[in-house]
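Student: Sequence plus the predicted model coming up.
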Amino acid sequence: MTKCDKCSKDSIILIRYSGAHLCASHFCEFVEKRVKCELRRQLKLKGGERIAVAVSGGKDSTVALNLMSTILGSRKGTEICAITVDEGISGYRESSIPMVAENCRILGVRHVVVSFEELYGVTMDEIAGSNRNLATCSYCGVLRRAAMNRVAKRENADYIATGLNLDDTAQSILMNFSRGDVERLARLGPHKRIQAGLVPRVQPLRLIPESETTLYSIVKKLKYHDLECPYAPEALRNTYRSVILDLEMKYPGTRHSILKSYDEILPTLQEMYPPSRLRSCECGEPTMSEKCKACELLDSLKVSSQT
Ligand code: SF4
């Protein structure tokens, strides 16, 4: 059995991009150190802030909630709460919500659940079954982001923390490059620019690969929901996931390099696309045009169901 590089215990992981062998406790320390460093970089805490963690119940958001609660929950004056959006996907979301509620109970964190049905009067299952023009996930992603922003504001949150890991981030960067959507690239979180009506997002797991969030949740014995969403196979992101994993397998460190390159060009992108003046949509959410994207998509469903 290979030994840990830092002590005499057995190693549980070879970190391929650095060549390090780590035991369970040094692996957890390695994860926690990078998360603390990212939180210091992304958050400007003066005391009295409330941070809403977007928790679906999957492993990444469960790890994010646990780390945020452990690292910041004990900080005087900082409050952590959890928000779960129930998209209305039968056989999937019903089982994850009680799991999040139990994790929040253990951590002593307030848990708020909001559903698409309550906010928009429609479930994801109804949207998936409707006469629509876009992939299911395109509706879900936009509506969920808008729902999270709306509820975070209702909860007086200063930040929304998400469970996006290194793989997710590298996929988003590559997807936007491939589509030529440079403006959206300039707006990917974490958000340093505060815009009225938009709760800034922080990404504590931005430097942690998905395989490490999985191992961390196993070592820490965290309970998470590991069912796959029935609509996930349709997602365009899957193609980018396999391309990036393939590159990482052949050239360890590729995901970190994608992120590093992105971070280096980000100031230039942000100069090219300064924050737009936002107005208020009829639903109350901020928008660059007359209607916000969520309302536009919901309207398109009404139109296509009439045609
Ligand atoms: Fe929504 Fe798509 Fe994720 Fe399912 S896989 S929860 S439909 S974004």
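Tutor: Good, I have the coordinates.
Student: In space, what's closest to the residue in the stretch 151-300 of the chain that the ligand sits nearest to - neighbours in sequence excluded?
Tutor: With C-beta to the nearest ligand atom as the measure, C229 is the residue of the stretch 151-300 of the chain nearest to the ligand, at 3.1 Å. No exception for glycine: its C-beta is placed from N, CA and C like everyone else's. What sits nearest to C229 in space, not counting adjacent residues and going by C-beta to C-beta, 6 or more residues apart in numbering, is Y92, at 5.4 Å.
Student: How about S178?
Tutor: Distances taken as C-beta to C-beta, 6+ apart put Y240 closest to S178, at 7.9 Å, once the chain neighbours are dropped.
Student: what helix or strand does that neighbour sit in?
Tutor: helix 237-250 (DSSP states H and E).
Student: Give me the buried stretch members for that helix, please.
Tutor: R237, Y240, R241, I244, L245, L247, E248 (16 or more other C-beta atoms under 10 Å).
Student: Let me see the mean pLDDT of it.
Tutor: Here helix 237-250 scores 95 as its mean pLDDT.
Student: what's that helix packed up against?
Tutor: Applying 3 or more C-beta pairs under 8 Å, 6 or more residues apart in numbering; DSSP states H and E, one finds that helix 237-250 contacts helix 166-179, helix 254-272.
Student: Which parts of this structure are strands?
Tutor: According to DSSP state E, the chain carries its strands in the segments 13-15, 20-22, 50-54, 79-86, 110-115, 159-161, 201-202, 279-280, 286-287.
Student: Out of those, flag the one nearest the ligand.
Tutor: Closest approach to the ligand among these (C-beta to the nearest ligand atom): strand 79-86, 9.1 Å.
Student: hmm, that closest one in reach of the ligand?
Tutor: No: applying C-beta under 6 Å from any ligand atom, one finds strand 79-86 out of contact with the ligand, separated by at least 9.1 Å.
Student: What of stretch 175-189?
Tutor: No: judged by C-beta under 6 Å from any ligand atom, stretch 175-189 and the ligand are separated, with a smallest distance of 13.5 Å.
Student: Y240 reaches M175, doesn't it?
Tutor: Yes: contact criterion C-beta atoms under 8 Å: Y240 and M175 qualify, at 5.4 Å.
Student: now stretch 270-284: mean pLDDT?
Tutor: The pLDDT scores in stretch 270-284 average 89.
Student: and that stretch, which residues are buried?
Tutor: Buried-residue list, stretch 270-284, by 16+ other C-beta under 10 Å: L278, C281.
Student: what's the answer for stretch 126-135, then?
Tutor: So for stretch 126-135, counting by 16+ other C-beta under 10 Å, buried means I127, A128, R132.
Student: Could you point out which of those is nearest to C292?
Tutor: Using C-beta to C-beta, I127 is the member of the buried residues of stretch 126-135 that lies nearest C292, at 16.6 Å.
Student: distance of that closest one from R277?
Tutor: Applying C-beta to C-beta, to the nearest Å, the value for I127 to R277 is 30 Å.
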